[in-house]
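Trainee: Sequence and computational prediction follow.
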Amino acid sequence: MLDEVATATGTPNIALIKYWGKRDEKLILPQNSSISITLDETLSTKTSVLFSKRLKEDSLYINEKQIDLSDGDAKERFEVVNKMRKLARIDSKVLIVSQNSFPTASGLASSSSGVATLVYALSTALGLKLSPKELSIMARQGSGSSCRSIFGGFVVWNRGKNADGSDSYAEQIANAKHWPEIRVIIGIASEAKKKVSSRAGMKQTVANGILYKSRLGYVGNAVEKMIRAIKDKDFKSLAEITMRDSNNMHATMLDTWPPILYLNDISKGIVYKMHELNEAEGESIAAYTFDAGPNAFIITTEKYRPKVVKALREVDGVSDVLEAKVGEGPRIIKDSLIDTEELASKGSR
Ligand code: PMV
């Protein structure tokens, strides 16, 4: 597959039960299992990959900007490329061009769609034919949360017990068609890049958080209850478990020393607004959840979507509202971001 471009498209996932903390930094093994919904292509990443003897060095472009591969975070994430190249016994350099349809590193789960899409494209470009489980294990080693974006629908990432990570991968709980009424409404509270990366933040929480131990004590049970709620399409339970888990994770972040705060005043306004909405309805119709950033993801159903969108727009400072459905997961597409003729005319990149 040398000199052939492979292009994949993939989407972020939003965790209902969060992953925050590793038990192995190198292999990216989590302290707890987590559960997510893979979003549809409202937010998407497109990535083209080309391995060629003509390339003089590895290069990665995200949203037209060349990424410094000697930089800490990028360097660690790039390791997944080296692992897959080794597996395919190919030593050619690679050109990776990736485009997000949404702001990168602003708590819109860009790493989850970025790495999952990359691994998908790499597997095709290298002719590896990895199974979904193997793709998930690969993606996990680039960014933990991305191992869930290998699958569509409702997904669990099992913590696993093995020291080599062989049992720590994602699996589908139910596919995208299982609960088609589910909607994920996104309230943009800031498009700025976050100050503390999730990688650095969670490491600090595991190292010195006081509340973190209590999180680990409760979360196993929450995972079991969430799987039940998804299978039974029990929105009331899903809503409460989701909101409480987001609050719990953000409490452990604040309790980290020095403290980590990802939510801003707009996020807090959204939290209050959703509780008001649920109270006015007399039942939970909307469940907020926040990743490592201030933007809100509101889980609701098609029936209540207009009410949720209206309420979100009423919150002071919300600059945009996006509406997503449950997505199908990554796929290979024809539409390439790499112009091989242009590359050939330039010699190499
Ligand atoms: O994107 P990662 O793998 O560095 O971790 C992000 C973790 C959260 O988004 C905050 C929660 C989650 O489970 O997605």
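Mentor: Thanks, I have the structure now. This structure is a prediction, so every number in the text was calculated from the model and none was measured. Numbering: from 1, shown residues only.

Trainee: Wasn't residue 300 part of a strand?
Mentor: Yes - membership of residue 300 in a strand is supported by DSSP: H, G, I helix; E, B strand; the rest coil.

Trainee: so where is the stretch 151-300 of the chain shaky, pLDDT-wise?
Mentor: By pLDDT under 70, the stretch 151-300 of the chain has no low-scoring segment.

Trainee: Spell out which parts of it neighbour the ligand.
Mentor: Taking C-beta under 6 Å from any ligand atom as the measure of proximity, the stretch 151-300 of the chain contacts the ligand at 198-199, 291-292. All C-beta spots, glycine's among them, are computed from the backbone N, C-alpha and C.

Trainee: let's see it at 5 Å
Mentor: Within reach of the ligand by C-beta under 5 Å from any ligand atom, the stretch 151-300 of the chain has these residues: 198, 291-292.

Trainee: most surrounded residue in those residues?
Mentor: Highest neighbour count within these: residue 291, with 28 neighbours (other C-beta atoms under 10 Å).

Trainee: Would you confirm that it contacts residue 13?
Mentor: No - with contact defined as C-beta atoms under 8 Å, residue 291 does not count as touching residue 13 (9.9 Å).

Trainee: still on that earlier bit, adding secondary structure, write the residues of the stretch 151-300 of the chain next to the ligand out as CSV.
Mentor: Output for these, formatted as CSV (three-state DSSP):
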residue, secondary structure
198, helix
291, coil
292, coil
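
Trainee: any chance of those in TSV, plus distance to residue 176?
Mentor: Formatted as TSV, these follow (distance: C-beta to C-beta, whole Å):
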residue	distance to residue 176
198	26
291	21
292	25
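
Trainee: Pick the one among those closest to residue 38.
Mentor: residue 291 (14.1 Å; C-beta to C-beta).

Trainee: surely residue 267 meets residue 297?
Mentor: No - counting by C-beta under 8 Å, residue 267 stays clear of residue 297, with 10.9 Å between them.

Trainee: most centrally placed residue in the chain?
Mentor: In the chain, the centroid-proximal residue (C-alpha atoms, centre = their mean) is residue 112; its distance is 2.8 Å.

Trainee: Now the phi/psi pair for it, please.
Mentor: For residue 112, the backbone dihedrals (degrees, to the nearest 10) come out as phi -70, psi -40.

Trainee: element containing residue 269, please.
Mentor: helix 265-281 (DSSP states H and E).

Trainee: who does the helix or strand that comes right after that helix pair up with?
Mentor: Per DSSP H and E, the first helix or strand lying C-terminal to helix 265-281 is strand 287-289. Here strand 287-289 is paired, per DSSP bridges, with strand 296-301 (antiparallel).
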